[in-house]
Each structure stands twice: as C-alpha cells, then as structure tokens.
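1. Sequence plus the predicted model coming up.
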Amino acid sequence: MRRALLGILLGSAAYGFALGSAHSELYALRNVVKLPLLVVVTTTVCSLSYWIAARAFRAPLGFREVQVSAWRLFQDLGLLLGSLSPAVFFVARVARATDDGKLGDYDAFLALNMACVAASGTLALVRQASELLAGRELSRTRASFLVGTWLALSLFVGGQAAFSMRPFFGFPATRGNVPPWFLGHQADLRGATNFYESVWQTIRQPPLPGWLRGTSY
Amino acid sequence: MDSVQPPTGPNAPDPSVQYYRPAPAPKPRAEPHASSDVDLALWQPLRTVDVVLATPERVAANVDGELALGRLAAVFLLSGLLFAVPYSCVLGVDSWWRVTTLYLGSTLICLPSLYVFTSYMGTRVTLAQIVVLALMIPASAALFTLGFAPILEFLRLTMSDASKEIGWTSISKVLLGIALAAGIIQLWRCFLGSRQKTNPALLALVLIVWHGVFLYVFTRMFRVLEL
C-alpha cells in the first residue's frame, strides 16, 4: 500500500507539473499537490462502491482484496501518466509560447489531456482487473461488466473531483492572476457549476463570453 | 427409394470414433444456505453482503426447499433497515429514516397483494417464500445505497445547492433509481435460479404485473417522502 501511494504521488505529481506548465509556474507547482490529491480522493470515495459492485457481480473477492487492487490500479495510473509527462510538458510549453493571450489552445489541450487520462485509466483498470480476476470462477462477460462498472464509477467521481479542484491549467487570459487553490462550484466559462453540467454544456455548446470570442482557431 | 449409403474408402470416417459432441452435463444445483451461515449473516455485515448480493442461486435453493426462510427474511429485513441509513443521513441527519422507508415501506405495502395474487392464481408458493423473494428488493437496494453514500456525500460537498441544471439532489434521484433497479434484478436472479416451482410461467407473469403496482407505489412514496 505504501509503495502504491508513492507511485501515485510521484507519477501524478510529474504529470500535474507538466499540465500546469501550459499556464504558469504557479499552476505547475500547485498541480504537484493537486493531481495526486485528485487521484487519492477518487480512490477513497469509490472504494466501498467498488466492493459492493464486485459482490453484486458475484466476483469472489474480499473487501481487502478489492481495496488493495484499487490502490494498485491508481499506482499504475500514476506510472502511465508519469511516463506521458515529458510529452505533455513539451506540448504545454509550445502552447504557452504561441498562444494569443485569450483562449489560446485551451480546448485542444484540454481534449488532449482528457484523452491521456482516459486512456491511461482504462489501460490500468483493464490490466489490474484481469490480474485480479484471473483463475477465479467468474465468466468473461461478468468480469467485463464488473470492470466497466468500476470504470464508470471512477469517471463519475473523478470528473466531479477534477471539476472542484480546478484550475489545473487555466486559459492564457488569466495569466498573472492568483486564483484560489480550488474553484469548487464557482461557474466556469460557460456557466457550469459542476462536472455534469459542464459535460452537458460541451454537448449543447452555448456561446462563450464576448471577451473570449474571436480567437485564432 | 434409394437409401443413403455410408461413405467407404480410405477417407471414410472411422466408425469407432464418436464425432458428435456429447451434451454438456447439467449445471450442478447450488447448495442452500445452512441455518448457521444465515445466523452468522445476522451479526457479520460482510457475510450479510454475501448472502444478499453474491448468492442469489443459493437463496433460490433455500426458497425451493423452504429452508431457513425465517432467518433469511430476518437478514433481508435487517439489511433493508440498516444499510440505507448512511445514504439517508447524507440527505440530512433528520432524514435518516427516509430511504429505508422508501424501499422497505413500498415493498411491505405491496407484499400482501403479491401473496394473495400468487395464491389466487394457484402457484402454491408459501407466504415465507414470497416474503423472502420480495424482501430481496429492499435488502439489495439498501446495500447499493450504502456503496453510493460516500459518493453522494462527496457530490454534496463539492456541488452548489443552487445549480441551475444538474444538482446533487438530481443525481441522488438517479442513484436511488439505480439501487431500485439493482434490487429488482436481484429478485429476478433469485427467481430464475429457482427450479421447483409449480407453474413458473404463471408466477413470472404475476411478478411482472406486481412490478407495475410496486413501481407506482414506489414513485408515490418517493414524492411523499420528498426525496
């Protein structure tokens, strides 16, 4: 468990630093704390529901086994994200050097990072789950449903945790400001006050505020 | 009429070899829970979760053989009573009883109708069997709400009460719906695992119709409790 925690802290801290570099050193340094915190909060909040889901799918797993596996999963996630941090750092520095001082490449960078986190999370989950379920009396279909449920729970909670711990990399127009560590339920650019509203607004695409319109892309 | 001759020659199949695949052996019947196991589940929450969620086919064997049904009903009742309390407390400490009332109350209100209708249709299911089957809904739903309680508490802490579109109370409604669906699925897993019923198709039909009544009562109860 201690090793898992160390893996989570180092890997996600490196990734957080790279992420924040798109905005400023302030954001990069804060992310060294915020990214590991995000991962730890998500694991802790979901831990009980992971086990209930395992029992509902009749996976012969004890409470402790599921908890250890969940922490190993996030250790893997930390490792994978840590390995991506040089690439993300490079993209962040390029975006920062070439932005227009308004919105810059904010949306594209956000999409890239969401893809990185989603791909790493899915990979880590599938690997951990297949190790955990190997050799047990559980059909492949049921194991897949269980893994899918764990993934959905992690995304459901992790998304809201990430939303409340904003800003992770902000947009260029806010450079020079010193925002609070966590924006919590303060409305975002399009007026969303939580992760689920923000997903809904990504689908609906309401207009941005006037002072951010007219960007170069 | 020409009769079909078996193929002969060097490429003909060897008659001593069986080319058909034998029918798979029937799945062995699940063992019913022993009374001592069920007693243990009354005191140990981890065992309670196993009995309620992880072994519907064994509960079905108990229902078929009418074994330890009183104890099973007690475990399910206790699960439905206690495991929903944490979720209720997230909604408000003074609302600690609401989610329990929602699931258990709706089931108990509809229980007489299920028993009378199944008896009236001649399915020969005893009251104890019906009680155990029906109580699977609140017991399983309550366990799911136990898993959702930390998530809802986290959402309540991080989301604004004044959200215009999607608030934590709306998400709570969805989670309660998921827990109810899980309870109904668990009831059907147990029902389909049971083998010694008279007229199972008729019982299934009564159950389906009863679900309509139950869901209507459930939604009314949901509104009354202001969840």
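-> Thanks, I have the structure now.

2. what residue is smack in the middle of chain B?
-> residue B:186 (2.0 Å; CA atoms, centre = their mean).

3. That one sits in which helix or strand?
-> Remark: residue B:186 resides in helix B:168-193, with elements defined by DSSP states H and E.

4. Show me what that helix is packed up against.
-> Contact here means 3 or more CB pairs under 8 Å, 6 or more residues apart in numbering or on different chains; DSSP states H and E; on that basis helix B:168-193 packs against helix B:56-65, helix B:127-158, helix B:200-224. For the C-beta atoms, the positions are set from N, CA and C on the backbone; glycine is no exception.

5. Pull out the buried positions in the next helix or strand along the chain from the shortest one.
-> Using DSSP H and E, the helix or strand that directly follows helix B:56-65 along the chain is helix B:69-82. Judged by neighbour count using 16 or more other CB atoms under 10 Å in any protein chain shown, the buried positions of helix B:69-82 are B:69, B:71, B:72, B:73, B:74, B:75, B:76, B:77, B:78, B:79, B:80, B:81.

6. Just give the closest residue to the last one, not the sequence neighbours.
-> With CB to CB, 6 or more residues apart in numbering or on different chains as the criterion, residue B:81 has its nearest non-adjacent residue at 5.7 Å, and that residue is residue B:100.

7. give the contact list for residue A:156.
-> Residue A:156 makes contact with residue B:151 under the criterion CB atoms under 8 Å, 6 or more residues apart in numbering or on different chains.

8. Mind checking what secondary structure it has?
-> With DSSP: H, G, I helix; E, B strand; the rest coil as the basis, residue A:156 sits in helix.

9. Tell me where the model's unsure across chain A.
-> Within chain A, the ranges that satisfy pLDDT under 70 run A:1, A:208-217.

10. How about the residues of it by chain B?
-> Counting by CB under 8 Å from any CB of the partner chain, chain A comes close to chain B at A:41, A:44-49, A:51-53, A:55-56, A:58, A:60, A:62-63, A:153, A:156-157, A:160-161, A:163-164, A:184-185, A:191-194, A:196-197, A:200.

11. Check the contact between residue A:102 and residue A:189; I expect there is one.
-> No: using CB atoms under 8 Å as the test, residue A:102 is too far from residue A:189 to be in contact (11.4 Å).

12. Residue B:73 contacts residue B:135, correct?
-> Yes: with contact defined as CB under 8 Å, residue B:73 counts as touching residue B:135 (5.9 Å).

13. picking up where we left off before, now, the residues of chain A next to chain B that are in helices?
-> By the criterion of DSSP state H, membership of those in helices covers A:41, A:44-49, A:51-53, A:55-56, A:63, A:153, A:156-157, A:160-161, A:163-164, A:196-197, A:200.
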